[in-house]
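Student: predicted coordinates and the sequence they were generated for:
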Amino acid sequence: MLILIMGVAGSGKSTIGKELAARIGYTFLEADDFHSEDNKKKMASGIPLTDTDREPWLKSMSDAIREIDCTVLACSALKEKYRKLLLSSSNRSIIIFLHGDRELLYERLTSRKSHFMNPKLLDSQLEILEEPKNCLKVHISAPPDEAITEIIQYLESRNNS
């Protein structure tokens with residue numbers, strides 16, 4: 001089972017994903033840990049990644065997912081084709097889409113310390129974002145604990161149906 005926590009930078013994927021994985025006993029994977037140093041340098045410089053830049057990153061995450069039975073993955077997964085590749089790595093998957101207003105996202109990004117993601121890249125991420133259709137949408141204005149409770153209730157309802 002793969003639970004993909006997705007959204008643009010600053011949406012809270014890592015915060016929500018780590019805590020969700022801890023509560024339900026899944027392994028947590030952070031997409032940022034799979035980026036090459038070159039990709040991190042590009043993003044820190046405010047240069048958006050291309051599909052070519054992302055290809056090895058997505059493949060390495062896909063390979064890791066195949067090795068773990070129960071995974072929560074925090075990953076931007078902005079395009080449908082990225083999600084298809086990641087979701088094909090597991091026999092069951094669910095998408096949780098964290099979304100919110102640009103102003104709140106930008107505020108979160110500019111308040112982060114020691115993260116390679118340049119806040120200037122937010123607009124390019126919002127431009128290429130292809131919102132998923134079959135997913136649970138969670139607004140980022142909700143406190144993390146409330147969002148996680150909503151996600152767990154959603155997962156339970158899917159397991160009972």
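Tutor: That came in fine, so what should we check first? Residues are numbered from 1 along each chain as shown.
Student: make it CA atoms for all contacts and neighbour counts henceforth
Tutor: Fine.
Student: residue ranges with poor pLDDT in this structure?
Tutor: In the predicted model, the chain carries pLDDT under 70 at residues 114-117, 161.
Student: which element follows the strand ranked longest in the chain toward the C-terminus?
Tutor: Of all segments of type strand in the chain, defined using DSSP state E, the longest is strand 93-99. Past strand 93-99, further along toward the C-terminus, the next helix or strand under DSSP states H and E is helix 102-111.
Student: how far away from the center of its chain is the helix or strand following that next one?
Tutor: If you walk from helix 102-111 toward the C-terminus, the next helix or strand you reach (DSSP H and E) is helix 122-128. The chain centre lies 14 Å from the centre of helix 122-128; the measure is CA atoms, centre = their mean, to the nearest Å.
Student: repeat for stretch 131-143
Tutor: Between the mean C-alpha point of stretch 131-143 and the mean C-alpha point of its chain there is a distance of 11 Å (CA atoms, centre = their mean).
Student: circling back: the longest strand of the chain pairs with which strands, parallel or anti?
Tutor: Pairing partners of strand 93-99, with direction, according to DSSP bridges: strand 2-6 (parallel), strand 136-139 (parallel).
Student: tell me the most buried of those?
Tutor: strand 2-6 (a mean of 25; mean count of other CA atoms under 10 Å).
Student: following it, which helix or strand shows up next?
Tutor: Note on strand 2-6: by DSSP H and E, the next helix or strand toward the C-terminus is helix 13-24.
Student: show me what the helix or strand that that next one is followed by is packed up against.
Tutor: On the C-terminal side of helix 13-24, the nearest following helix or strand under DSSP H and E is strand 27-30. For strand 27-30, the contact count by 3 or more CA pairs under 8 Å, 6 or more residues apart in numbering; DSSP states H and E identifies helix 13-24, strand 71-74 as packing neighbours.
Student: the same query, at a cut-off of 10 Å, please.
Tutor: In terms of contact count using 3 or more CA pairs under 10 Å, 6 or more residues apart in numbering; DSSP states H and E, strand 27-30 is assigned the packing partners strand 2-6, helix 13-24, helix 51-66, strand 71-74.
Student: give the buried residues for the second one.
Tutor: In terms of neighbour count (16 or more other CA atoms under 10 Å), helix 13-24 has its buried residues at 13-14, 16-21.
Student: put the alpha carbons of it into PDB.
Tutor: Coordinates of the C-alpha atoms in helix 13-24 are reproduced here as PDB (Å, rounded to 0.1, in the frame of the first residue of the first chain):
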ATOM      1  CA  LYS A  13       3.800  17.200   2.900                       C
ATOM      2  CA  SER A  14       6.700  16.200   5.200                       C
ATOM      3  CA  THR A  15       5.000  17.300   8.400                       C
ATOM      4  CA  ILE A  16       1.800  15.500   7.600                       C
ATOM      5  CA  GLY A  17       3.500  12.500   6.000                       C
ATOM      6  CA  LYS A  18       5.900  11.800   8.900                       C
ATOM      7  CA  GLU A  19       3.200  12.000  11.600                       C
ATOM      8  CA  LEU A  20       0.700  10.000   9.500                       C
ATOM      9  CA  ALA A  21       3.200   7.200   8.900                       C
ATOM     10  CA  ALA A  22       4.100   7.100  12.700                       C
ATOM     11  CA  ARG A  23       0.400   6.900  13.600                       C
ATOM     12  CA  ILE A  24      -0.500   4.100  11.200                       C
END
